[in-house]
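1. Make a model of this:
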Amino acid sequence: MTDYDDLDQRVGRMVYLANGTDEQWHDESAPQSAHDAWETWQEALERVQELEDEFTELRAKAARQREDQRRAHLEHARGGPKPKPFKPVDYDTMRLDKAYEIEAAISVADQARYAYRTLAKDPEMLREWRAALLAEFEGAQERARQKFIAAENAYSSWRITIWRLGMVTRQLNKNVYSPTGRDFQRFREETQRGWDALRRAVNTVDPVESGRWAAMSDAELTANPPMWERERMSRDHPSSDAYLELQAIELRERSAGEVISSFIVPASMKPETARKLRPSVHGLIREQ
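-> Sure, this is the predicted structure:
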C-alpha cells in the first residue's frame, strides 16, 4: 500500500467538501449568537482536521510496519538473525474505522454550518444586530466630522510650518538650489481635492450618502416611495418631474386624510383643500 488507495481519496474528498468555501458573514458588531454559531462550526471543522491527521498517521504506521517486515527478511537473507514471528497490526481496519469517525464528524460540522447559515436570515438576530448598529450609528457622522476638522487643522498647521521653514531656509541659503512652487503644485491640487471630497462626505445631509436611509423605521422604508427617496425628491428643483411627482403624492395622501410625509405639502392641510389643489397640478406630474 505505497500509493494512495480508494479510502484515502474518499476521505480527502469528504474533508475537502466539508471545509467548503464559506466565509464569515458577521463581524465584531454582530450579536453573540452569531459568534457562538461560528465558533461551533469552526470547532467542528477542527475536529474533522484532527481526525484526518490521525487517519494519515495510521497510513504512515502501516507503511512503517511493512518496511520493518521487509527489512527483517532482507537482513535474514544476508545472514542475519531469523525474524521473530510477525504479528501485524490491522491498520487497514483501523483506517476504515477512522474514516467512519471522520464521516460522522463531518456530519456534525455540516449541521453547524447549516445553523450558521440559517442564523444569517433569522429575523430576531437581525433585529438585535440592527438595534446595536443603530446605537452605534447615532452621532457617528458628527463624530467623524469633528475628527475631520481636527485632522484638517493639523494638516493645515503642518503645511504652514513647511512653508515657513522653506522661506527661512531660502533666506539663509540663497546659493543653494531649492524646489519651486511648481514642484508642489500637483501635490497641493491632489491633496486639496481629497480634503474637499472628505469635507463633502462628513457634511452631507443626503439620506443615502449619509446612510440615514438604513436607520429609518419600517413605516418610512415601506412607504411608496420610501421616505429617503421622498426626501431626495423634495430637494430637487421645484419645476422638476421628481418634485412635482412628490407634490402630487402628498396631495393625494392629504386628500385621503393621510400624512406619510410633509416635505412639500403641509401636514395640517385639510382633505378638502388638498382635493381642490390636486387638479391644479394634474398634467404636470406623473400620478401614481
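2. for residue 62, what are its contacts?
-> 1, 89, 91-92, 95 (CB atoms under 8 Å, 6 or more residues apart in numbering). All C-beta spots, glycine's among them, are computed from the backbone N, C-alpha and C.
3. just the residues you listed now: which is nearest residue 260?
-> residue 95 (68.6 Å; CB to CB).
4. and that closest one, what element?
-> helix 91-119 (DSSP states H and E).
5. list the buried ones in that helix?
-> Of all the residues in helix 91-119, those buried under the rule 16 or more other CB atoms under 10 Å are 91, 94-95, 98-99, 102, 105-106, 108-110, 112-113, 116, 119.
6. Buried residues, the helix or strand that comes right after it. List them.
-> Downstream of helix 91-119, the first helix or strand assigned by DSSP H and E is helix 123-137. With burial defined by 16+ other CB under 10 Å, the residues of helix 123-137 counted as buried are 125, 128-129.
7. For helix 123-137, enumerate the helices and strands it packs against.
-> helix 32-77 (3 or more CB pairs under 8 Å, 6 or more residues apart in numbering; DSSP states H and E).
8. low-confidence ranges in the stretch 101-250 of the chain?
-> Applying pLDDT under 70 to the stretch 101-250 of the chain picks out no residues at all.
9. that older thread, who are the packing partners of the helix holding residue 95?
-> helix 6-19, helix 32-77.
10. For residue 135, which of these is the nearest?
-> The closest approach between residue 135 and any of these, judged by CB to CB, belongs to helix 32-77 at 15.7 Å.
11. one step back: is it possible to get TSV of the helices and strands packed on helix 91-119 that adds distance to residue 138 and mean pLDDT?
-> As requested, these are exported to TSV (distance: least, CB to CB, whole Å; pLDDT from 0 to 100):
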stretch	distance to residue 138	mean pLDDT
helix 6-19	40	92
helix 32-77	21	91
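12. Let's have those in TSV, adding distance to residue 172.
-> TSV is the format used below for the helices and strands packed on helix 91-119 (distance: least, CB to CB, whole Å):
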stretch	distance to residue 172
helix 6-19	66
helix 32-77	61
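13. List just the one of those that sits closest to residue 157.
-> It's helix 32-77; of the helices and strands packed on helix 91-119, that one is closest to residue 157 (CB to CB) at 42.6 Å.
14. and the closest one with helix 123-137, angle?
-> Inter-element angle recorded for helix 32-77 and helix 123-137: 110 degrees (by axes from the mean of the first three to the mean of the last three CA atoms, to 10 degrees).
15. chain center to helix 32-77: distance?
-> For helix 32-77, the separation from the chain centroid amounts to 35 Å (computed by CA atoms, centre = their mean, to the nearest Å).
16. Could you tell me the angle between that helix and helix 6-19?
-> 160 degrees.
17. Any idea which of the helices and strands packed on helix 91-119 gets closest to residue 270?
-> helix 32-77 (49.8 Å).
18. Check which helix or strand the nearest residue to residue 261 once chain neighbours are set aside maps to.
-> Nearest residue to residue 261, sequence neighbours excluded (CB to CB, 6 or more residues apart in numbering): residue 230, at 4.8 Å. Using DSSP H and E, residue 230 maps to helix 227-234.
19. Tell me which other helices or strands that helix touches.
-> Checking 3+ CB pairs under 8 Å, 6+ apart, helix 227-234 ends up next to helix 218-222, helix 241-255.
20. Of the helices and strands packed on helix 91-119, give the one that comes closest to residue 145.
-> helix 32-77 (30.8 Å).
21. can you state the direction angle for that closest one and helix 91-119?
-> Computed by the same axes, to 10 degrees, the angle separating helix 32-77 from helix 91-119 equals 170 degrees.
22. What does residue 257 show for phi and psi?
-> Per-residue torsions, residue 257: phi 80, psi 20 (degrees, to the nearest 10).
23. so who does it touch?
-> By CB under 8 Å, 6+ apart, the residues touching residue 257 are residue 271.
24. What separation do you get for it and residue 227?
-> Distance of residue 257 to residue 227, given as CB to CB, to the nearest Å: 19 Å.
25. The residue nearest to residue 261 reaches residue 245, doesn't it?
-> No - if you go by CB atoms under 8 Å, residue 230 and residue 245 don't touch, sitting 9.8 Å apart.
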